[in-house]
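**Student:** Next come a sequence and a model predicted from it.
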Amino acid sequence: PGCNLSRRSVIAADMNDARELVRKASPGGRPQPLAYRDKRLWVGAWDTDRIYAIDPATWKVVDEVGAPGRPYGMAVLGDEIRVVVSIGADDDRYFYRFIPGKGFDDASKTPCPDFTGSHVAALNGTLYLTQMGLRRILAFDDQGAIVREIPLPTRCGGIGVRDGVFYMISADEEFDNLTLATLDVALPAPQAVAVATLNPEARALTFDGSAWWTSYREQNEIVSFEI
């Protein structure tokens, strides 16, 4: 349901399509980044430049805070959420530390390399940042130093981690034919291995322990799904 994909395309890919579980309205207009922590779904909204904490069981907003700019990516790292924010007319991208219950740490503002980047994910204490224009993923240590540069094999609409496995929303050059794919970031040049077809609106990924969440940004909706 909700995938809007032809049976022919599913058979050709030899994959299942993602099964939609829940579709809800975004609390702040167009949603982009998502993160899941302590039974709360954190959502960054483009129309308000705010971060919202939602109780997924009731879909009530239990907390919200203004972001320093437009939120592009979020990932839980320890007790914090690392957020990629766009600031200014030049669309420069910065990292911020966001601490639930306290807010953004302004002193943590750090330029993303080349002032670009969007989706982020954390795996085994390492933070990963996608830079689609440069066709790469950067890996950072706990001091914020770049430790690896990983070629990005396709265009990317989001990254996330499930059970220690790195996933991405993979797309073709026209940003069509979206799939959920695994990406073995331990390899020097990993390839995206598609496991399910996705709705063409899907942007951003986070896993809550039992299901994936993604944003249908231009439809102002947030969706959970399984494969």
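**Tutor:** Nice, I can see it. Note that this is a predicted model, so its numbers are computed, not measured.
**Student:** Model confidence score at the residue minimising distance to the centre of the chain, please.
**Tutor:** Residue closest to the average C-alpha location in the chain (Cα atoms, centre = their mean): Ala204, at 3.1 Å. Looking at Ala204, its pLDDT stands at 98.
**Student:** Gln143 too?
**Tutor:** So Gln143 comes in at 88 (pLDDT).
**Student:** so where's this structure uncertain?
**Tutor:** The model of the chain has pLDDT under 70 over residues 1-15.
**Student:** any chance you could map the helices in it?
**Tutor:** With DSSP state H as the criterion, the chain has helices at 7-13.
**Student:** show me the contacts for Asn220.
**Tutor:** With contacts defined as Cβ atoms under 8 Å, 6 or more residues apart in numbering, Asn220 is in contact with 25-26, 29-31. For the C-beta atoms, the positions are set from N, CA and C on the backbone; glycine is no exception.
**Student:** Those residues in strands, which ones?
**Tutor:** Cross-referencing the contacts of Asn220 against strands under DSSP state E gives 25, 31.
**Student:** which two in the contacts of Asn220 are spaced the farthest apart?
**Tutor:** Distances among the contacts of Asn220 were taken as Cβ to Cβ; the most separated pair is Ala25 and Arg30, at 11.3 Å.
**Student:** out of the two, which sits in the busier spot?
**Tutor:** Arg30 (19 against 12; other Cβ atoms under 10 Å).
**Student:** Now that Asn199 has come up, it's in contact with Arg19, right?
**Tutor:** No. Assessed by Cβ atoms under 8 Å, Asn199 is found out of contact with Arg19, at 11.2 Å.
**Student:** which one of the two has more residues nearby?
**Tutor:** More crowded of Asn199 and Arg19, by other Cβ under 10 Å: Asn199, with 21 against 14.
**Student:** mind checking how far that one is from Phe207?
**Tutor:** Between Asn199 and Phe207 the distance is 17 Å, computed by Cβ to Cβ, to the nearest Å.
**Student:** One more: Leu152?
**Tutor:** Leu152 is 20 Å from Phe207, where distance means Cβ to Cβ.
**Student:** Just give me the neighbour total for the residue nearest to Leu21 when sequence neighbours are not counted.
**Tutor:** Counting by Cβ to Cβ, 6 or more residues apart in numbering, Ser224 is the residue found nearest to Leu21 once chain neighbours are left out, at 4.5 Å. Using other Cβ under 10 Å, Ser224 is surrounded by 21 other residues.
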